[in-house]
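Undergrad: Predicted coordinates and the sequence they were generated for:
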Amino acid sequence: MSTPEYSQHLRQLAIRIVSRLRHAGHTALFAGGCVRDQLLRIPPHDYDVATDARPDQVQSLFEKTLPIGAQFGVVLVVEQGSPFQVATFRAEGSYVDHRHPREISFGTPEQDAFRRDFTVNGLFEDPFEGCILDYVGGREDLEKGIIRCIGNATDRFEEDRLRVMRAIRLASTLDFQIHSNTWKALTICASNLNEISAERIREELNRILLSPRRMQGFDLLDKSGVLSFLLPEVEALKGCKQPPEFHPEGDVFIHTRLMLALLHAQVPLHLALATLFHDIGKPGTMQEDQAGRIRFNTHEKLSAEMAYKIMKRLRYSNTEIEVTQTLIRNHMAFKDVQNMRPSTLKRFLARHSFKDELELHRIDCLSSHGSLSNYEFLIAKCAEFSHAPLAPTALISGKDLLALDWKPGPQFRIALEAAYNAQLEGLLSSKEEAITFLLEKFSDLGSDKTSSRGKI
């Protein structure tokens, strides 16, 4: 979300664009989301300009431009390194691929408003007069908190089927209700998302998951039928029962939903994704014995494998996939932390992903049994170990062993690992102590018996 200061900076740059277009004899207005957000007192994160100037005229007026959609009347104008979409007022014909209109005709602000998706996005602002141009009833819907399609809702969703997810995203992020006619058309068109590219779907899903109101978005995805199409692996969590002594909240689907609600407002995307996917392996690993005890052995491993396939399907980057998988794969390790040796615990705390793993563990506990004993233990240990690096440089290396005339080989790793563990546990504090430790524990490494593992 933009800061008020940055948003104001963008607004001033956008006003310069409008001013230059007007001085050249053209009509120019702010359009769409920036007008909506301004009226809602949300700092806009970008500003779009609509004008009667044709794309070639826009390009002739500005030094840095990029015709990102000149055939549809859209030119990107760059001011002080910030991009602004400048689009010519237009009317649109039928859509050829459920995304792009077959033909367009340049027109008036009113025609341009009626070709847009939702009434709250069909507003224009004159930044000099301070007036709002509303041809579609968008201002009233803003005041009532309603997401409503402009014109016939089914037509709008058929034109661009991604609008199904966009309506859900707007309703959840703005805390609005979806109008009944729009909702009815949305649920009918939900199954048509298979004709939309995975990349476009992924970006809308990301924006829903990154919203502080992500649970509201999740519920709308579920109730609309989008979830069953988009993420059948999450839909399959419904009815997957859990041991009531550990999960009094209910099935795995309810548990996952509660975790999304418990996440902090601002979290990295991989943490939100890990929350959504961390238990999707439970239906595939569920076992119930004759006494009624339920187990999900190694479900974290299967969940990570399933998350990989889902994220590949939605074209996530390899980096995002890897870090999400790491959080999922490690989320069950927290149950053993109070029994770890100091050296093992320090390695555990020193992992790059530990902070996000700890947050996943916190909400996992709060949404189930409610005990935060392991979480509080780790917080205390972080404070206890804060006076020194969790993963300090090793006191000795392979070069030091060679200097002792020890024979190189696989046993070097065993000896160095033992020395480093002793260092992490506070038993060694200098190279001399480390050498003495190894001479006592691994004395035969100095002999010709290079295959020996020493005395551990």
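TA: Structure's in. What do you need?

Undergrad: helix/strand/coil for residue 124?
TA: In three-state terms, and counting by DSSP: H, G, I helix; E, B strand; the rest coil, residue 124 is strand.

Undergrad: After the helix or strand where residue 164 lies, which helix or strand is next? Please name it.
TA: Element membership of residue 164, judged by DSSP states H and E, is helix 163-174. Using DSSP H and E, the helix or strand that follows helix 163-174 towards the C-terminus is strand 177-178.

Undergrad: what's that next one in contact with?
TA: Residues from elsewhere that reach strand 177-178, judged by CB atoms under 8 Å, 6 or more residues apart in numbering: 145-148, 167-168, 171, 186, 220. For the C-beta atoms, the positions are set from N, CA and C on the backbone; glycine is no exception.

Undergrad: quick one: which of those residues is nearest to residue 69?
TA: Taking CB to CB as the measure, residue 167 is the one of the contacts of strand 177-178 closest to residue 69, at 22.5 Å.

Undergrad: Now do the strand or helix carrying residue 358: which elements does it pack against?
TA: Assessed by DSSP H and E, residue 358 sits inside helix 354-366. Based on contacts counted as 3 or more CB pairs under 8 Å, 6 or more residues apart in numbering; DSSP states H and E, the elements that helix 354-366 packs against are helix 252-262, helix 269-277, helix 318-330, helix 373-384.

Undergrad: so which of those gets nearest residue 91?
TA: Nearest to residue 91, of the helices and strands packed on helix 354-366 and by CB to CB, is helix 269-277 at 37.2 Å.

Undergrad: Buried residues, the helix or strand just after that closest one. List them.
TA: The helix or strand immediately downstream of helix 269-277 is helix 282-285, counting by DSSP H and E. Along helix 282-285, these residues count as buried under the neighbour rule (16 or more other CB atoms under 10 Å): 282-285.

Undergrad: I'd like the residues you listed as JSON lines, with pLDDT and distance to residue 197 appended.
TA: Supplementary listing: the buried residues of helix 282-285 in JSON lines, determined by pLDDT from 0 to 100; distance: CB to CB, whole Å:
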{"residue": "282", "pLDDT": "98", "distance to residue 197": "30"}
{"residue": "283", "pLDDT": "97", "distance to residue 197": "29"}
{"residue": "284", "pLDDT": "97", "distance to residue 197": "29"}
{"residue": "285", "pLDDT": "97", "distance to residue 197": "33"}
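
Undergrad: Can you lay out the residues you listed as JSON lines showing distance to residue 404?
TA: Supplementary listing: the buried residues of helix 282-285 in JSON lines, determined by distance: CB to CB, whole Å:
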{"residue": "282", "distance to residue 404": "52"}
{"residue": "283", "distance to residue 404": "55"}
{"residue": "284", "distance to residue 404": "52"}
{"residue": "285", "distance to residue 404": "49"}
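
Undergrad: For ChimeraX, write a command that selects the buried ones of the contacts of strand 177-178.
TA: Buried members of the contacts of strand 177-178, identified by 16+ other CB under 10 Å, are gathered into one ChimeraX selection as follows:
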select :146,147,148,167,168,171,186,220
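
Undergrad: Run the chain-centre distance for stretch 250-260.
TA: Counting by CA atoms, centre = their mean, to the nearest Å, stretch 250-260 is centred 18 Å from the centre of its parent chain.

Undergrad: for the record, mean pLDDT for the helix holding residue 358?
TA: Predicted confidence along helix 354-366 averages 97 (mean pLDDT).
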